[in-house]
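Asker: Any chance you could fold what I've pasted below:
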Amino acid sequence: GKDRIIFATKEDHETPSSAELVADDPDDPYEEQGLILPNGDINWNCPCLGGMASGPCGEQFKSAFSCFHNSTEEIKGSDCVDQFRAMQECMQKYPDLYPQEDENDEKTSKDLEAASMEASAAKEEKGSS
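Answerer: Model prediction:
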(Lines give C-alpha, C1' and ligand atoms only; values in the text may rest on other atoms or scores of the structure.)
Protein backbone atom coordinates (compact mmCIF):
# COMPACT_ATOMS: atom_id res chain seq x y z
CA GLY A 1 0.00 0.00 0.00
CA LYS A 2 0.86 3.65 0.18
CA ASP A 3 1.69 3.61 3.91
CA ARG A 4 4.86 2.20 5.43
CA ILE A 5 5.26 1.42 9.12
CA ILE A 6 8.72 1.89 10.60
CA PHE A 7 9.56 0.86 14.14
CA ALA A 8 12.22 2.75 16.09
CA THR A 9 14.25 0.93 18.72
CA LYS A 10 15.57 2.29 22.00
CA GLU A 11 19.03 2.33 20.41
CA ASP A 12 17.71 4.45 17.51
CA HIS A 13 16.61 7.10 20.00
CA GLU A 14 19.90 7.06 21.93
CA THR A 15 21.92 8.08 18.86
CA PRO A 16 22.17 11.88 18.51
CA SER A 17 20.39 13.34 15.51
CA SER A 18 22.50 14.21 12.48
CA ALA A 19 19.87 16.61 11.09
CA GLU A 20 21.20 20.05 10.21
CA LEU A 21 19.05 23.09 10.83
CA VAL A 22 18.93 25.62 8.03
CA ALA A 23 18.80 29.32 8.89
CA ASP A 24 15.58 31.09 7.91
CA ASP A 25 15.80 32.71 4.50
CA PRO A 26 13.80 35.97 4.42
CA ASP A 27 13.63 35.70 0.61
CA ASP A 28 12.04 32.23 0.71
CA PRO A 29 8.71 32.66 -1.12
CA TYR A 30 7.26 29.76 0.87
CA GLU A 31 8.21 31.23 4.23
CA GLU A 32 5.19 32.39 6.20
CA GLN A 33 4.83 36.11 5.52
CA GLY A 34 1.39 36.72 6.97
CA LEU A 35 -1.67 37.93 5.10
CA ILE A 36 -0.08 40.99 3.54
CA LEU A 37 3.33 40.65 1.89
CA PRO A 38 5.99 43.34 2.45
CA ASN A 39 5.18 44.83 -0.98
CA GLY A 40 1.50 45.25 0.03
CA ASP A 41 0.16 42.36 -2.06
CA ILE A 42 -2.17 39.76 -0.58
CA ASN A 43 -0.44 36.48 0.31
CA TRP A 44 -2.93 34.00 -1.18
CA ASN A 45 -0.90 31.13 0.35
CA CYS A 46 -1.34 32.39 3.91
CA PRO A 47 -2.78 29.61 6.11
CA CYS A 48 -4.89 32.33 7.75
CA LEU A 49 -7.16 32.27 4.66
CA GLY A 50 -8.09 28.67 5.42
CA GLY A 51 -7.73 27.61 1.79
CA MET A 52 -10.45 29.99 0.62
CA ALA A 53 -8.28 31.25 -2.24
CA SER A 54 -8.29 27.81 -3.84
CA GLY A 55 -11.18 25.51 -4.66
CA PRO A 56 -14.22 26.06 -6.84
CA CYS A 57 -14.92 29.57 -5.49
CA GLY A 58 -11.30 30.67 -5.16
CA GLU A 59 -11.48 33.22 -7.96
CA GLN A 60 -14.67 34.78 -6.53
CA PHE A 61 -13.03 34.90 -3.08
CA LYS A 62 -9.90 36.54 -4.49
CA SER A 63 -11.97 39.08 -6.37
CA ALA A 64 -14.05 40.02 -3.31
CA PHE A 65 -11.11 40.03 -0.89
CA SER A 66 -8.90 42.05 -3.27
CA CYS A 67 -11.69 44.56 -3.77
CA PHE A 68 -12.14 44.91 -0.01
CA HIS A 69 -8.38 45.15 0.60
CA ASN A 70 -8.02 47.90 -2.01
CA SER A 71 -11.26 49.71 -1.18
CA THR A 72 -10.91 53.42 -0.49
CA GLU A 73 -14.62 54.03 0.16
CA GLU A 74 -15.66 55.73 3.38
CA ILE A 75 -17.41 52.50 4.38
CA LYS A 76 -14.57 50.10 3.47
CA GLY A 77 -15.75 47.47 1.02
CA SER A 78 -19.06 49.15 0.23
CA ASP A 79 -17.96 49.20 -3.41
CA CYS A 80 -17.46 45.40 -3.37
CA VAL A 81 -21.01 44.19 -2.84
CA ASP A 82 -21.25 42.61 -6.30
CA GLN A 83 -18.03 40.64 -5.78
CA PHE A 84 -19.14 39.39 -2.34
CA ARG A 85 -22.55 38.46 -3.74
CA ALA A 86 -20.88 36.44 -6.54
CA MET A 87 -18.71 34.70 -3.95
CA GLN A 88 -21.74 33.90 -1.78
CA GLU A 89 -23.70 32.56 -4.78
CA CYS A 90 -20.77 30.34 -5.74
CA MET A 91 -20.40 29.01 -2.20
CA GLN A 92 -24.10 28.13 -2.07
CA LYS A 93 -23.52 25.77 -5.02
CA TYR A 94 -21.04 23.75 -2.89
CA PRO A 95 -22.68 23.27 0.54
CA ASP A 96 -20.38 20.34 1.37
CA LEU A 97 -17.26 22.49 0.91
CA TYR A 98 -18.70 25.71 2.33
CA PRO A 99 -21.14 24.72 5.11
CA GLN A 100 -23.60 27.43 6.06
CA GLU A 101 -25.32 27.87 9.37
CA ASP A 102 -29.03 28.41 8.83
CA GLU A 103 -29.70 31.21 11.32
CA ASN A 104 -26.40 33.04 10.87
CA ASP A 105 -26.46 32.63 7.09
CA GLU A 106 -29.85 34.30 6.84
CA LYS A 107 -28.61 37.13 9.03
CA THR A 108 -25.41 37.49 6.96
CA SER A 109 -27.38 37.51 3.72
CA LYS A 110 -29.75 40.15 5.08
CA ASP A 111 -26.80 42.20 6.36
CA LEU A 112 -25.17 42.00 2.93
CA GLU A 113 -28.37 43.15 1.24
CA ALA A 114 -28.79 45.99 3.74
CA ALA A 115 -25.19 47.10 3.17
CA SER A 116 -25.80 46.99 -0.58
CA MET A 117 -28.92 49.17 -0.24
CA GLU A 118 -27.08 51.61 2.04
CA ALA A 119 -24.17 51.84 -0.41
CA SER A 120 -26.56 52.42 -3.34
CA ALA A 121 -28.45 55.07 -1.39
CA ALA A 122 -25.19 56.79 -0.42
CA LYS A 123 -24.04 56.84 -4.05
CA GLU A 124 -27.40 58.29 -5.16
CA GLU A 125 -27.16 61.02 -2.50
CA LYS A 126 -23.62 61.92 -3.62
CA GLY A 127 -24.74 62.00 -7.25
CA SER A 128 -27.73 64.26 -6.60
CA SER A 129 -25.83 66.92 -4.61
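
Asker: where along the chain do the strands fall?
Answerer: Taking DSSP state E as the test, none of the chain falls into strands.

Asker: Show me where it dips below the pLDDT cut-off.
Answerer: Low-confidence regions of the chain, defined by pLDDT under 70, span residues 1, 21-32, 102-129.

Asker: go again using 90 as the cut-off
Answerer: Along the chain, the parts satisfying pLDDT under 90 run over 1-40, 45-51, 54-55, 96-129.

Asker: That one: helices as residue ranges?
Answerer: Secondary structure of the chain (DSSP state H): helices located at 10-14, 58-70, 81-92, 102-128.

Asker: between the second one and helix 81-92, how big is the angle?
Answerer: Relative orientation of helix 58-70 and helix 81-92, computed by axes from the mean of the first three to the mean of the last three C-alpha atoms, to 10 degrees: 150 degrees.

Asker: Give me the residues contacting helix 58-70.
Answerer: 36, 42, 44, 52-53, 76-77, 79-80, 83-84, 86-87, 90-91 (C-beta atoms under 8 Å, 6 or more residues apart in numbering). In short, each C-beta sits where N, CA and C put it, glycine included.

Asker: hmm, 6 Å instead?
Answerer: If you take C-beta atoms under 6 Å, 6 or more residues apart in numbering as the criterion, helix 58-70 is touched by 42, 52-53, 77, 80, 83-84, 86-87, 90.

Asker: Whichever of the residues you listed end up buried, select them in ChimeraX.
Answerer: The buried residues among the contacts of helix 58-70 can be selected in ChimeraX (16 or more other C-beta atoms under 10 Å) with this line:
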select :42,52,53,77,80,83,84,86,87,90
